[in-house]
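Enquirer: Just need the structure, nothing else, for what follows:
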Amino acid sequence: MAKNTPEQQVEKISSGYTFEGGAITLGAALVDGEVHPEAQVRLPLRMMNRHGLVAGATGTGKTITLQVMAEQLSNAGVPVFLADVKGDLTGLSTPGASSEKLLARTQSVGMEWKAASFPVDYYSLGGSGEGIPVRATVSSFGPVLLARIMELNETQESSLLLVFHYADQQDLELYDLKDLRAVIQHLTSDEGKADLAELGGLSSATAGVLLRELVALEAKGMEKFFGEPEFDTTKLLRIADDGRGVLSCLELPSLLQQPLVFSTFLIWLLADLFEELPEVGDADKPKLVFFLDEAHLLFNDASKAFMDSITNTVRLIRSKGVGVFFITQTPKDVPGEILGQLANRVQHALRAFTPDDAKALKATVSTFPTSDYDLNEALTQAGTGEAVVVVMNEKGAPTPVAWTRMWSPTSNMGASPAETVKQVADASPLMQEYGTAVDRESAFEVLAARTTARDTAASPVAGSGTADTGPAPQERRPSASRPPAKQDNPVMEFAMQAAGLLGKELMRGMFGTRRRRR
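Expert: Predicted structure coming up:
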């Protein structure tokens, strides 16, 4: 079949990217090396929960593309989450600087450029940075994700799941790592032998391995990521007073030495959102767009349980109104089960310097529909700030492939000054809510109290005088999320306790995560 003429190709792209509903603009089409501002390449808002991929070699403009997309989503009233691996996205809170070169480029792609800043919340994992601290309780993080951070094998991961099961059964709250360590120490102690035997699949030797791995985790300073107050992921859906979506920017530069930590925490955020948000079906625009940078780190050496859970989460979360965009170098970095769910593609240039590069290029070309472009040429010769785009139109069909010169951000292309980031973070109302860590009574304190009571009961002083009636029951302080049970109806009290234990088991999601109690 003969290819279209350049004029026909421009018309095909122009009509293929014209939508009835709201859309964000990615750029203008390039045909035969010429930019055509009349052929604007857009992405429909209502299709952004069909997920997407932004890929390309280092230095080809992926971060700028994220910035362009985030700005327009914010203007459309859609909140956005971005993982800022290099620190470049802090520029979102500072207006961009105009220049003759910038205005010439924006005019060539049909963009009316005007400097702007955007409503941003800066976050940091566990307070490791200037942003609002993001923490998770160990219990809500769950055994599958924790096993990934601890780099456990599948047998050890199964054993860790049994430890969580035991803690749920015994009503032992796991808020931080010392709580989990206390439970494992109890199970490996003389007093815990009977409990360990009841678990069946957990040997004392494996429990000892878990304990050593946990101590190693604490030695690396990872205890600061776990604890309270636990971050409520629905805060990522905030809308500013002026109606723009808030951009939640998670700073990660200091965590590049711990890629498993930050990549696994990103999945926890996504999994927690899945558990918390109601079903919304297809809406005119997404409730949140979630950008996962350095996506290849999510899948390196992942266990089968982890892979199954992330695949199902990505498949199902679109019905909650959440769109997920994976950011990486080549589509080969993303497993096929997930890649097949990414309907919106923005592919920046690839390099073909090595045999492996050539294979990656061939595989990438094969993921695009038939087009009028020579995609081998387009993907190797695209300049910085250019990309090959195909998205899903409002009818659920792929748009024509478009070699696109991307729009430019209206905020600062690069990092904001450190003092600006600190001022923005400190001014957020969320800093008051999450800025200070708290340590409520949990498994560590409960097990320590039991040990103290047992030692007191066994001492000669405790045994003298009146008849021994056993240790006094330990009174637990009621937590903020669980009111104290009434004591006037023993039958009702027993039923409520049984229901509570069952509820804990049922509330664990696909990653073994546990829903936040209201």
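Enquirer: switch to C-alpha atoms for all contacts and neighbour counts from now on
Expert: Noted.
Enquirer: List the buried residues for stretch 18-32?
Expert: Neighbour-count burial for stretch 18-32 flags 18, 23-31 (criterion: 16 or more other Cα atoms under 10 Å).
Enquirer: got the end-to-end distance for that stretch?
Expert: The straight-line separation of the ends of stretch 18-32 (Cα to Cα, to the nearest Å) is 21 Å.
Enquirer: ok so, going back, farthest-separated two in the buried residues of stretch 18-32?
Expert: Within these, Ala23 and Val31 form the most distant pair, 22.4 Å apart (Cα to Cα).
Enquirer: Confirm that Glu377 sits in a helix.
Expert: Yes: secondary structure of Glu377 (DSSP: H, G, I helix; E, B strand; the rest coil): part of a helix.
Enquirer: would you list every one of the strands in the stretch 351-500 of the chain?
Expert: 386-390, 402-406 (DSSP state E, counting those that start in this stretch).
Enquirer: ok, back up a step: return the closest of the buried residues of stretch 18-32 with respect to Asn4.
Expert: Distances from Asn4 to the buried residues of stretch 18-32, taken by Cα to Cα, are shortest for Val31, at 11.1 Å.
Enquirer: Dihedrals phi and psi, that closest one?
Expert: The phi and psi values for Val31, taken as degrees, to the nearest 10, are phi -130, psi 130.
Enquirer: what sits against it?
Expert: 6, 9-10, 403 (Cα atoms under 8 Å, 6 or more residues apart in numbering).
Enquirer: For ChimeraX, what selects the buried ones among the residues you listed?
Expert: A single ChimeraX command selects the buried members of the contacts of Val31 (16+ other Cα under 10 Å):
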select :9,10,403
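Enquirer: Name the pair among the contacts of Val31 with the greatest separation in space.
Expert: Farthest apart among the contacts of Val31 - using Cα to Cα - are Pro6 and Trp403, which lie 12.7 Å from each other.
Enquirer: Distance of the residue nearest the centre of the chain relative to Asp357?
Expert: When Cα atoms, centre = their mean is applied to the chain, the residue found nearest the centroid is Leu266 (2.7 Å). Taking Cα to Cα as the measure, Leu266 falls 28 Å from Asp357.
Enquirer: where along the stretch 101-250 of the chain do the helices fall?
Expert: Secondary structure of the stretch 101-250 of the chain, counting by DSSP state H, counting those that start in this stretch: helices at 138-141, 143-150, 154-169, 177-188, 193-199, 204-219.
Enquirer: among the ones you listed, which gets the worst mean confidence?
Expert: Of all these, mean pLDDT reaches its minimum on helix 193-199 (a mean of 84).
Enquirer: Who are the packing partners of it?
Expert: Under the contact definition 3 or more Cα pairs under 8 Å, 6 or more residues apart in numbering; DSSP states H and E, helix 193-199 sits against helix 177-188.
Enquirer: any idea of the angle the helix it packs on forms with helix 154-169?
Expert: On the basis of axes from the mean of the first three to the mean of the last three Cα atoms, to 10 degrees, helix 177-188 is oriented at 100 degrees to helix 154-169.
Enquirer: And helix 177-188, what does it pack against?
Expert: Against helix 177-188 (3+ Cα pairs under 8 Å, 6+ apart) you get helix 154-169, helix 193-199, helix 204-219, helix 443-458.
Enquirer: For the closest residue to the residue nearest to the centre of the chain other than its chain neighbours, give the beta-bridge partners.
Expert: Counting by Cα to Cα, 6 or more residues apart in numbering, Leu292 is the residue found nearest to Leu266 once chain neighbours are left out, at 7.3 Å. Counting by DSSP bridges, Leu292 is bridged to Phe326.
Enquirer: contacting residues for Leu292?
Expert: For Leu292, counting by Cα under 8 Å, 6+ apart, the contacting residues are 82-83, 266, 324-327.
Enquirer: Pick out whichever of those residues sits closest to Val424.
Expert: The closest of those, once distances to Val424 are taken by Cα to Cα, is Leu82, at 16.2 Å.
Enquirer: Would you mind measuring from that closest one to His186?
Expert: 40 Å.
Enquirer: go on, Gly142?
Expert: 19 Å.
Enquirer: same thing with Thr155?
Expert: 21 Å.
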